[in-house]
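In: Following is a predicted model, sequence given first.
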Amino acid sequence: MQRRPIAVAAVVAVAGAAAVAFTLPSLAGTDEDGRSTAATGTPGGLSPELLAAMKRDLGLDGEQAATRLARSEWAGGVSATLAAQTGEDFGGAWLASDGTTLKVAVTDAGAVSVVKAAGAVPVLVKRSEAELDAAKTKLDAAAADTDGLTGWYVDVTTNKVVVVAQPAAKSAALAAARSAGVSSDAVTVKVSKAQPKPLFDVRGADPYFINVDGGQARCSIGFSVTTGFVTAGHCGEEGTTTIGFNNQAQGTVEFSVFPGDADMGFVAVNDDWTPRPVVNDFQGNELPVAGNTEAPVGAAVCRSGSTTGTFCGTILAKNQTVRYPEGAVTGLTRTDVCAEGGDSGGPWLSGDQAQGVTSGGSGDCTVGGETFFQPVNEILAAQNLTLVTSEGDGGGAATPTTAPPAEEGGEASACDALPVQRSGTINRTGQAQAQPNGGAYRARAGTHTACLDAPDGADFDLVLQRLNNRGDFRTVARATGDGDKTLSFTGRSGTYRYVVVASAGTGGYSLGFNVQ
């Protein structure tokens, strides 16, 4: 069949990672061309400073750290594809305690072979990830004001929702789950004395400041985007001006969410500041940022902040709701990495892949603790921001990472290689079919790419829909017109489905798609 790709405008561009470095004095560890020299002569070409931090905090030598990070990046792509392939049977994915074995939960034994073929270990479970997310959403509504609860999250490793409660509030946690209509066998209560809080300080120091209640609050820059940087939402309300480490005017907070659906913010910088694809480790070095592939649960992750520098640990869970004193925040990632006041907004890396920005936590870097981060891809998707990245080897000029647009009339041969393939037949004009297999699939924040081969002489349209909080599917992208269709859309994480509509004619079709 002749392919006539029809471009569908992406509402947001996927972005990635790098603390903003500046045109004022350059950080150490760069050559004359401004290229990072940190990632040379080490296993996997990784920054020696990052490897040193992983050795200190995770007990890994250079080869082990490089292997684990490479496996994490592979697992991130494979788990996203398997989520689309297995659709409503997908129960989540995580790296086992060895840091290299990818486990993928499915609710149907028929999906086991698909998981094995991808090089992962299948785990049969009772509840899908979509069902766990729905239970967690019920808790968001029912437990937000329950005293003694500090948060709740989806734990794909146990196939349950975990409610974190202070010692005297275990019964309150169970009661909140019952009132939310969540089955008792789907809930585990974790007792903890910790009380999470946002990690900013009202004190004068590096690296950037915002005016708060007549004083100055200090936060850490997250990742460079083409027009500024991303950071935590609690680090400044929209319209607030920011001051850089050198006490010079820096920019303006143009987007901020906190508390509520996220803890994310975006600062647009003025012409005196140049966003660059690096992260400051506060030891005189720059850590390169090459992309933004999301790491799975169980992956090694490191963060940097202006108070404590660089520390590493493990991703423990995703999609956590955290109850801060200021209110609940949903969609955060849970880790066992320490952080302290002033580290808020700072970048999280898995190798050279951007993961998120520091939100809050409990404990400190003397006795240890846990810290939550806001996934960076959600910020990029929400504001149509483009991450600034280096070349794959950590050097070279900064380039934005965006999905290439489809061109009218061009060949869409890449669609043939899309890993998820589905087919169907529509026998009457005006009918529609949902894919995959009449259901939906879970997707992380990223770019959805699809290609539809329609029958000769027929006009089939392709629609992408996302499930909203009311339980309804809303159309987010559409490809219409004559011939075959190509669709590209970048959006936040959630449950999606494709709908093939026979606008004219009938017959069999094939659909290929993926999420990156």
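Out: Thanks, I have the structure now.

In: so residue 298 sits right up against residue 99, yeah?
Out: Yes - checked against CB atoms under 8 Å, the pair residue 298 and residue 99 is within contact range at 6.8 Å. The way it works is simple: take the backbone N, C-alpha and C, and place the C-beta from them, glycine included.

In: Neighbour count: these two, which is higher?
Out: Just comparing residue 298 and residue 99: by other CB atoms under 10 Å the higher neighbour count belongs to residue 298, 25 against 20.

In: Roughly how far does that one sit from residue 106?
Out: To residue 106, residue 298 is 17 Å away according to CB to CB, to the nearest Å.

In: Then residue 241?
Out: Residue 241 sits 50 Å away from residue 106, going by CB to CB.

In: Neighbour count for the two, which is higher?
Out: residue 106 (24 against 15).

In: and residue 78, what helix or strand is that in?
Out: helix 62-86 (DSSP states H and E).

In: Whatever helix or strand comes next after that helix to helix 62-86, inter-axis angle?
Out: Using DSSP H and E, the helix or strand that follows helix 62-86 in sequence is strand 90-95. Relative orientation of strand 90-95 versus helix 62-86 (axes from the mean of the first three to the mean of the last three CA atoms, to 10 degrees): 170 degrees.

In: Can I get strand 90-95 as CSV, trimmed to CA atoms?
Out: The C-alpha trace of strand 90-95 is given here as CSV (Å, rounded to 0.1, in the frame of the first residue of the first chain):
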residue,chain,number,x,y,z
PHE,A,90,0.6,-5.2,31.9
GLY,A,91,1.3,-5.2,35.7
GLY,A,92,4.4,-3.1,35.8
ALA,A,93,8.2,-3.7,35.4
TRP,A,94,11.2,-3.5,37.7
LEU,A,95,14.9,-4.5,37.9
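
In: Mind giving me the packing neighbours of it?
Out: helix 62-86, strand 102-106, helix 129-142 (3 or more CB pairs under 8 Å, 6 or more residues apart in numbering; DSSP states H and E).

In: Mind listing residues that contact that strand?
Out: Strand 90-95 has contacts (CB atoms under 8 Å, 6 or more residues apart in numbering) with 71-72, 75, 78-79, 82-83, 101-107, 111, 120, 123, 125, 127-130, 132, 154, 156-157, 159, 296-299, 441-442.

In: Buried only: go through those for me.
Out: 71-72, 75, 78-79, 82-83, 102-107, 111, 120, 123, 125, 127-130, 132, 154, 156-157, 159, 296-299, 441-442 (16 or more other CB atoms under 10 Å).

In: which residues of the protein score low on pLDDT?
Out: For the chain, applying pLDDT under 70 flags the ranges 1-45, 199-206, 391-415.

In: Would you map out the domains in it?
Out: For the chain, automatic domain parsing gives the domain ranges 131-191, 413-515.

In: okay if I get these as CSV plus distance to residue 66?
Out: CSV is the format used below for the domains of the chain (distance: least, CB to CB, whole Å):
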stretch, distance to residue 66
domain 131-191, 25
domain 413-515, 24
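
In: these two touch, right, residue 164 and residue 148?
Out: No - the criterion here is CB under 8 Å, and residue 164 misses it with residue 148 at 9.9 Å.

In: Those two: which is more packed in?
Out: Neighbours per residue (other CB under 10 Å) separate residue 164 from residue 148, with residue 164 holding more: 25 against 16.

In: Tell me the helices and strands packed up against the helix or strand containing that one.
Out: Take DSSP H and E as the rule and residue 164 turns out to sit in strand 160-165. Secondary-structure packing of strand 160-165 (3+ CB pairs under 8 Å, 6+ apart): helix 129-142, strand 149-155, helix 170-179, strand 187-191.

In: who's in contact with the shortest one?
Out: Read that as strand 187-191. With CB under 8 Å, 6+ apart as the test, strand 187-191 has contacts from 135, 155, 158, 160-167, 170, 173-174, 177.

In: Most widely separated two among the residues you listed?
Out: Spatially, the most separated pair among the contacts of strand 187-191 is 135 and 167, at 24.0 Å (CB to CB).

In: Please say which of those two ends up with more neighbours.
Out: Counted by other CB under 10 Å, residue 135 and residue 167 do not tie: residue 135 has more neighbours, with 21 against 9.

In: thought the more buried one was touching residue 186?
Out: Yes - Residue 135 lies in contact with residue 186 (CB under 8 Å); the separation is 5.7 Å.

In: Now do the shared contacts for those two.
Out: By CB under 8 Å, 6+ apart, the residues touching both residue 135 and residue 186 are 127, 161.

In: show me what contacts residue 340?
Out: By CB under 8 Å, 6+ apart, the residues touching residue 340 are 199, 305, 307, 308, 364, 365.

In: Against residue 472, how distant is it?
Out: Residue 340 sits 43 Å away from residue 472, going by CB to CB.

In: do the same with residue 275
Out: From residue 275 to residue 472 the distance is 38 Å (CB to CB).

In: Between those two, tell me which one has more neighbours.
Out: residue 275 (22 against 9).

In: That one reaches residue 222, doesn't it?
Out: No - if you go by CB under 8 Å, residue 275 and residue 222 don't touch, sitting 11.0 Å apart.

In: Give the residues shared as contacts by these two.
Out: Applying CB under 8 Å, 6+ apart, one finds that residue 275 and residue 222 are jointly contacted by residue 229.

In: Quick check: closest non-adjacent residue to residue 345.
Out: Leaving aside its chain neighbours, residue 345 sits nearest to residue 231 (3.5 Å; criterion: CB to CB, 6 or more residues apart in numbering).

In: and if you look at residue 168?
Out: That would be residue 148: by CB to CB, 6+ apart, it lies 6.1 Å from residue 168.

In: just residue 93 next, same as before
Out: residue 79 (3.6 Å).

In: and the one you found, what does it touch?
Out: With CB under 8 Å, 6+ apart, residue 79 has these contacts: 93, 102, 104, 120, 296.

In: before we move on, the earlier item: just say which of the helices and strands packed on strand 160-165 is most tucked in.
Out: strand 149-155 (a mean of 25; mean count of other CB atoms under 10 Å).

In: Sounds good, over and out.
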